[in-house]
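> sequence-free structure coming up:
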């Protein structure tokens, strides 16, 4: 029998329910207000009182309103059709809702039950399978979408029957399995999985061993993120967080992209809906939307569903990873999710941690980041979930709980800097403070040696060092004045500006410069370092400045020109000629 | 909102704070309105039989035996065309001596627009002010606040912007408006002959602060009626959102909530987002654009109120006094309109974005020259030219008292470039230089 209860207290979306039977932590329930069932989740139980957070507005809710517990946690439906969909944080399909306004209590089906998919079986009757094994596949766009033994199945199963190749809808029983007790289990193209539990039907989770290209120079070359790696982008407002994230979403070298717009502006999501269907994926030539799922819980949508949205997004990524695909999850912004946790903890009158955030914030964040990673599946194939989150630190101050907790969990740090943004040096990623732990991984170093250039990491470190020295020289010039320092200080400063302007800065709105493949990055870094390695002689600092300004302009023109095209080669030749005039 | 027959009247309060009262009552709905000793109140918390109400006008003089009746509904506004040209208080009651408005009853603070049903904002709103139109172009469906110290003339600028904007309705939500500023808006609207397209919801400094919490929702409910039901272009002005946030912190404080940064409630971000995100471009041509004011404390944008606002809104317009020209200008460095790319060079002349960037970059060079001067270093010829340019640029373009068309702004900028700089120093694309360059 189902547990029921009635409402006994309300503070905003935290509702206390008196229950008449067993309830589980994180169990879902429906609270009925004026005939409309509102979805809510148990977050605390004390005696026969359960505290639940309601995923909708609680306006009009009364003490005594009936509650029915559902005996399950928050789940997502997994199956063909997830890609190119737009969901809210609870996986309601936003595109099939009719009214202009979101109606409270309106829940829509995440997948299309009418559409048919061309199914091809992979297993044969008599085969032995376990949870996560591939039974067959359908083509979702151009991706092979595997139909798997549901992740929740325990033990070994024998394939009793598998449907022949053909066109079926997602509710078709495509296979019948028998468990160890001889009971038949019927498999359709869909399965459900609780979002807060990681999908772990893989053999092992090794260390990442290759980088994921984003086409953004300050990331790929300077602080690369690994396939299956984690990174985060903190930055004050107006520093280009969203532009950078959209660039990664458009260009990231992944089969599947899930974007979780978590408590951010609705107009930014509208930009994705409007532009992605038109844009072409540079890696496959297909439309970007075909590989993208959007989870959209904008800042004005119910706060409790914000937390759910990042978990929903992660679960979808893990599902595709189990098919042996490379997934990229982008969450903007994880601070809004942390704020949702704070609001709830506050209403429950828990003792607060720093800045009134819950004390377990750090644990929750690192637990979430740990769900990313590269895995080896049971059949030996590999899949990956790469995760990049943005953080919106209050007042732009990185010494706040969300940034600090995330720093402990993520392996790459791309700190956006107000100063750089003010000077329009985009992407405003601070080249000295930012880091990628993957540059220290022997696996990654040898991958880069083989796939980019032998000794690549040493080159990158050299470029970073030139930047650091340039900054020191700049400080001296600022204190002592242009004439108060030796010319070599100016040379040192301008070499760092050369790397900054010609390599680190990149125009996300230019059709050529926006996407810079690693091969091109290598060429440009080689050339820039070649120019930096030369010794230059100048009579005065103004000559030095004019020389480097011209050099920078030519290198920037190269960035805007087609790789190895006529203009590109001409500019390259010109920079070398110019450099030889003053240096050797 | 007359009381209904047979309605239960409670007469015993269990607890009173400056902003809230608590009593034992049954069958009370969350967010429901009540009348406590003749004053309007709203249910904010129930625990068992104990109901806590937030009394909008404060609890001064309310006795423990005050009469309490529940009204059975959350705050509402009657919407119809009769709203046009009227002035209301925070409860939606007329304060202009006119009759009550008849119309459909709508709950305020209603649900959000399905993001999937939105359209990408793409229509220019010209204001005649170059600091906005040239450098930070505003688009219909955008939400953008003025960040200004209390001594800046933000209300005047906002009134100018509203009256020049080509919109069907202007809805003013005044929170903690001084009586003088309220009368200023009223006269400005009347003098412009624009009164029939204006609607005002006003809470002045004479009114209790907690009442302010109703103002944005009232204004936006009216805005949604005209934008969604009537497909009109609506401009909503909200001044001053800092005072709104202060009222939020008063209530949360009285309810013993744990404050987060700057003693603001932990939900400040969501509370502000709920208001600002009502800005929308609908597929039916109706739109709501929000221009707000957030007053700052000595230019500090790291305070929780401007900080959270900046993360929510699509840019900000920063007002400050320019020491060289003595004019109030829209600071080109700290201001930003995130949606400007949607219209620049598309709805405006092809040279717009390049002229904008060059103008601001040269102004930045002038600031560097100024720093050099202050630090006692010698100035180059270029530095001197920059300084002269900066003064004229601030006076003729950045100042808020400018009122010219966008093409005139662009021409003015070209004139200044030609007067003080060489073609190469502007860094503008050659094809545009060939077409528009003025002077040497």
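Done, it's in. On a predicted model such as this, the values are computed, not experimentally measured, just so you know.

> And the contacts of stretch A:479-492?
Defining contact as C-beta atoms under 8 Å, 6 or more residues apart in numbering or on different chains, one finds that stretch A:479-492 is touched by A:469-470, A:472-473, A:476-477, A:536, A:538, A:540-541, A:544-545, B:375, B:377. Backbone N, C-alpha and C define where each C-beta goes, glycine included.

> Scan the residues you listed and report the most crowded one.
With neighbours set by other C-beta atoms under 10 Å in any protein chain shown, the maximum within the contacts of stretch A:479-492 is found at residue A:470, which has 23 neighbours.

> just checking, that residue touches residue A:496?
Yes: using C-beta atoms under 8 Å, residue A:470 makes contact with residue A:496 at a distance of 2.1 Å.

> Report the separation between the two terminal residues of stretch B:17-37.
With C-alpha to C-alpha, to the nearest Å applied, stretch B:17-37 spans 15 Å between its terminal residues.

> Let me see the ranges of the helices in chain B.
Per DSSP state H, chain B carries helices over the ranges B:130-133, B:154-164, B:179-191, B:215-224, B:241-254, B:268-276, B:304-312, B:352-374, B:381-393, B:406-420, B:423-426, B:430-436.

> The helix or strand where residue A:8 lies - which strands sit beside it in the sheet, and in what orientation?
Taking DSSP states H and E as the criterion, residue A:8 maps to strand A:4-11. Strand A:4-11 has its sheet partners listed here by DSSP bridges as strand A:14-19 (antiparallel), strand A:66-73 (antiparallel), strand B:39-47 (antiparallel).

> In it, which residues are buried?
Neighbour-count burial for strand A:4-11 flags A:4-5, A:7-11 (criterion: 16 or more other C-beta atoms under 10 Å in any protein chain shown).

> where does chain A have low pLDDT?
Within chain A, no range satisfies pLDDT under 70.

> need the longest helix for it.
The longest helix of chain A (DSSP H) is helix A:456-480.

> could you give the angle of the following helix or strand past that one to helix A:456-480?
Going down the chain from helix A:456-480, the next helix or strand is helix A:487-499, by DSSP H and E. Direction vectors for helix A:487-499 and helix A:456-480, defined by axes from the mean of the first three to the mean of the last three C-alpha atoms, to 10 degrees, enclose an angle of 130 degrees.

> so residue B:174 makes contact with residue B:206?
No: the pair residue B:174 / residue B:206 is not scored as a contact, 11.9 Å apart, by C-beta under 8 Å.

> Same drill for these two, tell me which one is more crowded.
Neighbours were counted for residue B:174 and for residue B:206 using other C-beta under 10 Å; residue B:174 has more, 26 against 10.

> which residues touch residue 252?
Assuming you mean chain A. Residues in contact with residue A:252 (C-beta under 8 Å, 6+ apart) are A:212-214, A:328, A:386.

> looking at chain B here, not the other one
Contacts of residue B:252 by C-beta under 8 Å, 6+ apart are B:259, B:265, B:267.

> Just give me the neighbour total for residue B:365.
Neighbours of residue B:365 under the rule other C-beta under 10 Å: 19.

> do you know how far the closest residue in space to it that isn't next to it in sequence is from residue B:155?
Nearest residue to residue B:365 in three dimensions, chain neighbours excluded: residue B:386, at 4.7 Å (C-beta to C-beta, 6 or more residues apart in numbering or on different chains). Distance from residue B:386 to residue B:155, counting by C-beta to C-beta, to the nearest Å: 34 Å.

> Quick check: bridge partners of the spatially most central residue of chain B?
In chain B, the C-alpha nearest the mean C-alpha coordinate belongs to residue B:292, at 1.0 Å (C-alpha atoms, centre = their mean). Residue B:292 has the following beta-bridge partners by DSSP bridges: residue B:145, residue B:238.

> got it, and residue B:318?
Legend: beta-bridge partners of residue B:318 under DSSP bridges are residue B:147.

> from what I can see it touches residue B:147, true?
Yes: under the criterion of C-beta under 8 Å, residue B:318 makes contact with residue B:147 at 4.8 Å.

> neighbour count winner among those two?
Set residue B:318 next to residue B:147 and count neighbours by other C-beta under 10 Å: residue B:147 wins out with 28 against 25.

> circling back: wait, which of the strands paired with strand A:4-11 is closest to residue A:456?
Across the strands paired with strand A:4-11, residue A:456 has its closest neighbour in strand A:66-73 (45.6 Å, C-beta to C-beta).

> got a list of contacts for the helix or strand that comes right after the closest one?
Heading C-terminal from strand A:66-73, the first helix or strand you meet, by DSSP H and E, is strand A:75-78. Strand A:75-78 has contacts (C-beta under 8 Å, 6+ apart) with A:91, A:109-111, A:190-195, A:312, A:315-316, A:319.
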